[in-house]
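Visitor: got a sequence here, can you model it:
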Amino acid sequence: MRALVQRVSRASVTSGGAVTGAIDRGLLVLLGVARTDTDQDLRYIADKILHLRIFDDHQGKMNCSLLDTGGAILLVSQFTLYGSVKKGRRPGFHEAAEPALAEELYREMRALLSRAVPVETGSFGQAMKVELINDGPVTIMIDSAEKFLS
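Guide: This next block holds a predicted model:
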């Protein structure tokens, strides 16, 4: 599982001409699910997102998490995080999960994160337009495969 996390001043997602989710200060999380992902990957990524210390403390140092600052999450499905351009110029998506598994884990991620902070979402499997003001800019990639590397 991969999560591209952006610290934002505000963000919104529109699908079919309607806003499906919007937040002020918090995190925009683009979530990609791999075909081999399990509940263990889900919990690892959720914990990292919630505890990632990328918000400024009173001294201006990135030392606070979303839990410390009281922000929200805009969670958007993003299978293209598993796009590979190793061969040719057109991305291949063979590592991305099939839609049924991806949607199940995406919904579980929303439920898990919602226990701790407010969560808004995009429309799974639909074309979306995402607007954001990246604060910093701060953008971090979290990959659950890293939990196995030492």
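
Visitor: from now on I want contacts and neighbour counts done on CA atoms only, so please keep to that.
Guide: Noted.

Visitor: which residues are contacting the lengthiest helix in the chain?
Guide: Counting residues, the longest helix found in the chain (DSSP state H) is helix 99-114. With C-alpha atoms under 8 Å, 6 or more residues apart in numbering as the test, helix 99-114 has contacts from 31-35, 39, 42, 46, 50, 75, 77, 119, 124-125.

Visitor: inside helices: which ones of the residues you listed?
Guide: Of the positions in those, 39, 42, 46, 50 sit in helices, assigned by DSSP H.

Visitor: could you export the longest helix of the chain as CSV, CA atoms only?
Guide: What follows is helix 99-114, C-alpha atoms only, in CSV (Å, rounded to 0.1, in the frame of the first residue of the first chain):
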residue,chain,number,x,y,z
PRO,A,99,-11.0,-2.9,-7.9
ALA,A,100,-12.9,-5.1,-5.4
LEU,A,101,-9.9,-5.5,-3.1
ALA,A,102,-8.8,-1.9,-3.6
GLU,A,103,-12.3,-0.6,-2.7
GLU,A,104,-12.6,-2.8,0.4
LEU,A,105,-9.2,-1.7,1.8
TYR,A,106,-9.9,1.9,0.9
ARG,A,107,-13.2,1.8,2.8
GLU,A,108,-11.5,0.1,5.8
MET,A,109,-8.8,2.8,5.7
ARG,A,110,-11.5,5.5,5.9
ALA,A,111,-13.2,3.7,8.8
LEU,A,112,-9.9,3.3,10.7
LEU,A,113,-8.8,6.9,10.2
SER,A,114,-12.2,8.2,11.1
